[in-house]
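**Q** Quick one: sequence and predicted model below, then my questions.
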Amino acid sequence: MKTTKEKVLEYLKVNNRAYVSGQEIADSLYMTRASVWKAIKALQNEGYEIDGVSNRGYRLIISADSLNKSAIDKIVSANGIELETYLFEETESTNDRAKELAEAGKRSLVVISDYQSKGRGRRGRTFYSPKGAGLYMSFLMDTGIEAAKAAKLTAMAAVAVCRAIDRILEEISSNRGNTADSEVFGNPKIKWVNDIYLGDKKICGILTEGFSSLEEGNASNVIVGIGINIYQPKDGFPEEIKKTAGVLLPDGYSENDLRNRLCAYVILELIGLHNSNNTSFIEEYRKRSMLIGNYVRINQFNENQNNKYAKVLGIDDECRLLVEYDDKKIEYLSSGEVSVVKY
Ligand code: BTN
């Protein structure tokens with residue numbers, strides 16, 4: 001059951017581009033003007049910026065959706081998960097920060113940044129990480145690389161991100177009175193092994209890296225780095241990724257605390273899956289796969305090799321891609337990169 005204050009806040013969020021009169025809020029929410037006024041005062045005391053203009057009404061000022069460590073920690077610990085979080089305004093790469101912390105003896109933690117000056121992708125690519133527009137986070141996992149099997153951990157992270165995205169999109173829809181349902185947003189899909197797509201655009205990439213810690217001699221550490229494009233970057237995407245990169249939310253869908261909530265949900269889902277020691281996420285990974293049943297090009301990175309084409313039959317429990325070539329030969333791919341071929 002929502003409180004009067006929560007209902008008024010929701011109403012202001014849905015109408016944040018215009019002033020709404022106290023009378024309109026009262027009539028729409030079946031409450032008195034005095035309780036609307038009381039709720040607005042309480043919200044202002046909590047730090048919400050609500051502009052009140054006589055003869056026009058109230059408007060919620062949606063401040064920049066800034067990242068905030070205590071907001072993230074609050075959601076995470078309220079859900080029974082303990083994880084050390086480190087938030088940077090900017091850093092070269094959160095994977096590198098996590099690695100430094102591991103070398104300093106830390107075990108499990110997450111490093112988050114609002115901006116990465118040297119964000120890294122797979123195969124030596126850069127990951128464009130502009131300020132205020134995305135979420136860049138790296139988990140130092142409390143497990144050795146062998147136990148983790150990098151592909152499985154990446155798959156687990158992909159499922160966790162999809163679940164977190166579903167949850168945030170549902171919240172946005174409900175805050176907007178269900179005017180923006182999943183038909184507007186679509187559902188996130190996984191492109192084996194480490195990309196998440198919304199429609200035909202990549203909105204998230206995952207980079208899992210293993211390394212040996214100096215502190216621990218031979219013991220290995222695993223870092224799972226996740227980059228999510230949330231809002232359209234101010235200056236657009238760089239030319240080389242313009243055609244393929246997309247964002248989670250269209251313009252005008254900014255919300256207070258959205259990135260903090262999404263960040264906390266990713267933490268909850270990933271740590272929850274990891275702690276459960278259960279492999280049932282692989283079934284969910286298959287269900288969310290955008291490749292199964294499709295014809296794909298298997299990209300070759302060696303100039304002397306021609307690209308190969310195949311039909312994707314499935315993904316096995318080791319997260320290998322099962323493909324069938326035109327000559328009916330079957331192969332399990334454990335790494336690589338494929339692109340869906342459109343007829
Ligand atoms: C890819 O698409 O090739 C993987 C991209 C991974 C990007 C994330 S952002 C957080 C972490 N820090 C990095 O430098 N890379 C990963």
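**A** Everything's here; your move.
**Q** which stretches of the stretch 101-250 of the chain have low pLDDT?
**A** Residue ranges of the stretch 101-250 of the chain with pLDDT under 70: 145-148, 178-184, 213-219.
**Q** Please list all residues in contact with the residue of the chain found nearest the ligand.
**A** Closest to the ligand within the chain is Gly205: 2.1 Å, counting by CB to the nearest ligand atom. Glycine gets a C-beta too; all of them are placed from N, C-alpha and C. Counting by CB atoms under 8 Å, 6 or more residues apart in numbering, Gly205 makes contact with Gly121, Arg122, Phe127, Asn194, Asp195, Ile196, Ile226, Gly227.
**Q** From the residues you listed, list the ones also adjacent to the ligand.
**A** Among these, proximity to the ligand is found for Gly121, Arg122, Phe127, Asp195, Ile226, Gly227 (CB under 6 Å from any ligand atom).
**Q** As a markdown table, those with distance to Ser334 would be great.
**A** Rendered in a markdown table, the data for those read as follows (distance: CB to CB, whole Å):
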| residue | distance to Ser334 |
| --- | --- |
| Gly121 | 19 |
| Arg122 | 14 |
| Phe127 | 23 |
| Asp195 | 17 |
| Ile226 | 21 |
| Gly227 | 23 |
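**Q** mind listing the helices for the stretch 51-200 of the chain?
**A** Ranges of helices in the stretch 51-200 of the chain, per DSSP state H, counting those that start in this stretch, are 69-78, 94-103, 145-148, 150-175, 182-185.
**Q** For the residue of the chain closest to the ligand, pull up the helix or strand it's in.
**A** Assigned by DSSP states H and E, Gly205 falls within strand 201-212.
**Q** List the buried residues in that strand.
**A** By neighbour count on 16 or more other CB atoms under 10 Å, the buried set for strand 201-212 is Lys201, Ile203, Cys204, Gly205, Ile206, Leu207, Thr208, Glu209.
**Q** Tell me how far that strand lies from the chain's centre.
**A** Centroid displacement of strand 201-212 relative to its chain, using CA atoms, centre = their mean, to the nearest Å, is 12 Å.
**Q** May I have that strand exported as CSV, CA atoms only?
**A** C-alpha atoms of strand 201-212 as CSV (Å, rounded to 0.1, in the frame of the first residue of the first chain):
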residue,chain,number,x,y,z
LYS,A,201,21.6,-2.3,-30.8
LYS,A,202,24.2,-3.3,-28.3
ILE,A,203,23.6,-1.6,-24.9
CYS,A,204,25.9,-3.6,-22.7
GLY,A,205,29.3,-5.4,-22.9
ILE,A,206,30.9,-7.6,-20.4
LEU,A,207,34.7,-8.2,-20.0
THR,A,208,35.8,-11.1,-17.8
GLU,A,209,39.5,-11.1,-17.0
GLY,A,210,41.5,-13.5,-14.9
PHE,A,211,44.9,-12.8,-13.4
SER,A,212,47.3,-14.0,-10.8
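**Q** Could you quantify the relative orientation of that strand and helix 94-103 as an angle?
**A** 20 degrees (axes from the mean of the first three to the mean of the last three CA atoms, to 10 degrees).
**Q** What residues does the stretch 101-250 of the chain have near the ligand?
**A** Counting by CB under 6 Å from any ligand atom, the stretch 101-250 of the chain comes close to the ligand at 116, 119-122, 125, 127, 136-138, 195, 205-207, 225-227.
**Q** let's go with 8 Å and repeat that
**A** Counting by CB under 8 Å from any ligand atom, the residues of the stretch 101-250 of the chain close to the ligand are 113, 116, 118-123, 125, 127, 129, 134, 136-138, 194-195, 202, 204-207, 225-227.
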